[in-house]
Structures are given as C-alpha cells and as structure tokens.
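# below is the sequence, then the predicted model.
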Amino acid sequence: MEEASRASKFAYTVIVLFGIWLLLTASLDTQELATGFVISLIVAALTYDVFTKAGLANLHPKRVAYAIAYLPYFLWAMIMANLDVAYRVLHPKRPIRPGIVKCRTVLESDTGKLSLANSITLTPGTITLDVDGDSYFIHWIWVQDDVLKAKTDEEHVKNASRYITQPFEKFLRVIFG
C-alpha cells in the first residue's frame, strides 16, 4: 500500500479523533463540538504521522462497512465467550483444560495485528501472551481436542488458528488491509 500525503493522513486522523470524541461525549452541544474539534486538530497535528500510513484511503466504504459489521460480531463473540466461561466457573467439576497454543495470522499491518491481539484478549477464555511476527501465543481456557491431538506443530497451529484468530481475521483483513 502506497503511503498517503501528509494532508490525507492529517485529515483522516482528525476525522477519527473527532468521531471518538462524539462517541465518548454523546453530545451535540456547540461548545462541546467546538472543543472536541480543536482538541482533535491539536492531537492530530502531533500524531498523524504515527496514526496512519494510508490516510483517507482508510475511509473506503468497504472498510467502513466491515468495521461497522465487526462491532456486533465482536460483541456476540464476547457474549458467547462470557457465557462459556461462566458455565465453566459455575459447573461443580470446573471443566477446564487450559493450555498455551500458538496461532498464526495473515494480517500484515501492525494496527491489524494489535486489533487481533486485543480482540482475542477481550474475549473471555483467551489471553494473548505474546506476538512474534505473525505468531500469537495464547492462553486458552479450553484447548480443543483436535489441537491437543495434532501430530505436527504445523497442524497444531492450523487447528488453534481456526478457533481463535481466523474468526476475527475475516473482518480485520479488510479493515486494516
């Protein structure tokens, strides 16, 4: 992906920061809007070069649509994982089979990898312990049978990735390129 101009990166950073301001304040008061816009301009002036490489290209309709679709998908995954962990905690025999598994990602951007690691960690039952290149080391509360029975390291990684990283990657690959 070609790096965007400074103006494009600055404009994108202002838009994102101002959008976050709107979400956090939930107010359309003129003074709050003005304050948020000024703060967004100041922060963007200091951080735009670190914040994005693609600039306004990040606001491509397909990327925005996938980002919007990712939010309910992630919330659903988080709810289901919470219910699973609650079941394991409340069950009299505490059915857990913890382990540290290695997964791989197809994501290339640092922001995409960070989002994947955070998505995994924010989903109860999994915690990202380390990221090394395209490899993730994850503590998992219930290691699946096919991961445990894998005969080779590559088969182990493939099976673990199918459960942990791949469900999130189908969205994050489009969002972060």
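Received it, and whenever you're ready, just let me know what you need. Residues are numbered from 1 along each chain as shown.

# residues in contact with residue 40?
Neighbour list for residue 40: 13, 14, 17, 18, 21 [criterion: C-beta atoms under 8 Å, 6 or more residues apart in numbering]. C-beta: built from backbone N, CA, C; applies to glycine.

# following whichever helix or strand the last one is part of, which helix or strand comes up?
Right, the one you point to is residue 21. Counting by DSSP states H and E, the element that carries residue 21 is helix 6-25. Note on helix 6-25: by DSSP H and E, the next helix or strand toward the C-terminus is helix 30-51.

# check which residues of that next one are buried.
Taking 16 or more other C-beta atoms under 10 Å as the neighbour-count basis, helix 30-51 is seen to contain the buried residues 36, 40, 43, 44, 48, 51.

# tabulate the CA atom coordinates of the helix holding residue 21 in PDB.
Only the C-alpha atoms of helix 6-25 are listed here, as PDB (Å, rounded to 0.1, in the frame of the first residue of the first chain):
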ATOM      1  CA  ARG A   6       0.600  14.400   4.900                       C
ATOM      2  CA  ALA A   7      -2.600  16.200   4.400                       C
ATOM      3  CA  SER A   8      -4.500  13.000   3.800                       C
ATOM      4  CA  LYS A   9      -3.100  11.400   7.000                       C
ATOM      5  CA  PHE A  10      -3.800  14.600   9.000                       C
ATOM      6  CA  ALA A  11      -7.400  14.800   7.700                       C
ATOM      7  CA  TYR A  12      -8.000  11.100   8.500                       C
ATOM      8  CA  THR A  13      -6.600  11.400  12.000                       C
ATOM      9  CA  VAL A  14      -8.800  14.500  12.700                       C
ATOM     10  CA  ILE A  15     -11.900  12.600  11.500                       C
ATOM     11  CA  VAL A  16     -11.200   9.500  13.600                       C
ATOM     12  CA  LEU A  17     -10.300  11.500  16.700                       C
ATOM     13  CA  PHE A  18     -13.400  13.700  16.300                       C
ATOM     14  CA  GLY A  19     -15.600  10.600  15.800                       C
ATOM     15  CA  ILE A  20     -14.200   9.100  19.000                       C
ATOM     16  CA  TRP A  21     -14.900  12.400  20.800                       C
ATOM     17  CA  LEU A  22     -18.500  12.300  19.600                       C
ATOM     18  CA  LEU A  23     -18.900   8.700  20.800                       C
ATOM     19  CA  LEU A  24     -17.500   9.400  24.200                       C
ATOM     20  CA  THR A  25     -19.300  12.700  24.900                       C
END
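
# now that helix: buried residues?
8, 9, 10, 11, 12, 13, 14, 16, 17, 18, 21, 22.

# relative to residue 127, how far out is the fifth one?
Pointing back at residue 12 there. 31 Å (C-beta to C-beta, to the nearest Å).

# can you map out the strands along this protein?
When assigned using DSSP state E, the strands of the chain occupy the ranges 99-104, 126-132, 135-140.

# good, wrapping up.
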